[in-house]
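Just a sequence and a predicted model for now, questions to come.
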Amino acid sequence: MVIFTVILILDGSRTTSHSCAVQSIGCFALGWLAHDSPANRAAIADAGGIGAVTGAMARLPDDIDVQKNGVYALAS
């Protein structure tokens, strides 16, 4: 079930790559899923989640929420 959720988050992030709100929420959701769950972290990494988070952060460097939630996702 988690991998399905991760895929939905990543698909939404790809199709709305310049939406600050979607990117911020996507980063937060990935961080929440990854928090304290090695299995979820692996699923997120395998699905391309790390690249999605760093890509969002690179595309939207001036959006504080994307940056904050991106760091949260990467730290989780």
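It's in. The structure displayed is predicted, hence computed values, not measured ones. Residues are numbered from 1 along each chain as shown.

how far away is Ile64 from Leu33?
22 Å (Cβ to Cβ, to the nearest Å). C-betas here are computed from N, CA, C, even on glycine.

who has more neighbours, those two?
Leu33 (19 against 10; other Cβ atoms under 10 Å).

Excluding sequence neighbours, find me the nearest residue to that one.
Using Cβ to Cβ, 6 or more residues apart in numbering and skipping the chain neighbours, the partner closest in space to Leu33 is Asn40 (4.8 Å).

Helix, strand, or coil at that neighbour?
Assigned by DSSP: H, G, I helix; E, B strand; the rest coil, the conformation of Asn40 is helix.

List the contacts of it.
Counting by Cβ atoms under 8 Å, 6 or more residues apart in numbering, Asn40 makes contact with 2, 6, 33-34.

Same question for Ser24.
Per Cβ under 8 Å, 6+ apart, neighbours of Ser24: 63, 65-66, 68-69.

mind giving me CSV with these and columns for pLDDT?
Putting the contacts of Ser24 into CSV (pLDDT from 0 to 100) gives the following:
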residue, pLDDT
Asp63, 97
Asp65, 97
Val66, 97
Lys68, 98
Asn69, 97
